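Engineer: Predicted model and sequence follow; I will ask about them next.
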Amino acid sequence: MDNLIFIAMSGAKENMLNQQLHMNNLANASTTGFKADFAAARSQPVFGPGLASRVYSMTENPGTDFKSGSMISTGNSLDVAINGDGFFAVLDKNGTEAYTRAGNFRVTETGMLTTGTGLPVLGDGGPVVIPPAQKIDIMPDGSISIVPVGVENNATAVVGRLKMVNPDLDNMKKNESGLLVTKNGEPAEADGNVRLVSGAVESSNVNAMSEMVNMISLARQYEMQVKLLKKAEEMDQSSTRLLSLS
């Protein structure tokens, strides 16, 4: 009896967790550069006194779908998308280096280059700061060229270069902020072979229809697990009545 309860209870729990993951994917279907997450679980014996005759479901480390999203042309000189493999380096809210595919950049009043969510963008020498400029262009190699305020349009200056990396994807994971970091916690090395497309951003790679189908399937599985728990309760009550008769 308890074997059935273990399986149904842990299965229902994993279905709830998986639903939360797919809901997060669906909520970020329009988030620039977002990468969808995978859910995974496996059966695990319950160890204790005696034989491991009971089994429950255990969550595995979630995976990430690194497939590229589609290119969306914006015409904005501060919007850039990575052409192929690679990531932009940024500082997360804790001041730790992290990585993203979101290239919808902005310049603050102090001249700092940030992502659309306000995270500082890193260059070869740290956070990128752009002097007052009447025109800003980001080149395919990540170099930042400006026309300073008060000079002729042909007087350009290179003020920095974006740090772009292309680490082994097997060594990457998402942190609690949804940014990518290395599993060993060490900053990835800059890769000069990463190339950009100016005036465009990368869309999320979430397939909204697929996520909806997965959520419906998980809801049905959860309902089935709850029915099994109720059936176990009915069987327990029937056993109790039989014992009372004897």
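Structural biologist: Thanks, I have the structure now. Residues are numbered from 1 along each chain as shown.
Engineer: Can you list the buried residues in the lengthiest helix in the chain?
Structural biologist: For the chain, the helix with the greatest residue count under DSSP state H is helix 208-245. Under the neighbour-count criterion of 16 or more other Cβ atoms under 10 Å, helix 208-245 has Glu211, Asn214, Met215, Leu218, Gln221, Tyr222, Gln225, Leu228, Leu229, Ala232 buried. Yep, even glycine has a C-beta here, placed from its N, CA and C like the rest.
Engineer: Does the worst-scoring helix or strand of the chain on mean pLDDT pack against any helices or strands, and if so which?
Structural biologist: Least confident helix or strand of the chain, by mean pLDDT, DSSP states H and E, is strand 55-59 with a mean of 71. Packing contacts for strand 55-59, counted by 3 or more Cβ pairs under 8 Å, 6 or more residues apart in numbering; DSSP states H and E, involve helix 2-27, strand 41-45.
Engineer: Alpha carbons of that strand, as CSV, please.
Structural biologist: Written as CSV, here are the backbone C-alpha positions of strand 55-59 (Å, rounded to 0.1, in the frame of the first residue of the first chain):
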residue,chain,number,x,y,z
VAL,A,55,10.6,3.9,-5.1
TYR,A,56,9.9,7.6,-5.5
SER,A,57,10.5,10.2,-8.2
MET,A,58,13.4,12.6,-7.8
THR,A,59,14.1,15.8,-9.7
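Engineer: Name the next helix or strand downstream of it, please.
Structural biologist: strand 63-64 (DSSP states H and E).
Engineer: Relative to that next one, what are the paired strands and their orientations?
Structural biologist: When pairing is defined by DSSP bridges, strand 63-64 lines up against strand 37-38 (antiparallel).
Engineer: Other residues contacting the partner strand?
Structural biologist: Contact partners of strand 37-38, identified using Cβ atoms under 8 Å, 6 or more residues apart in numbering, comprise Leu21, Asn24, Asn25, Pro62, Gly63, Thr64, Asp65, Lys174.
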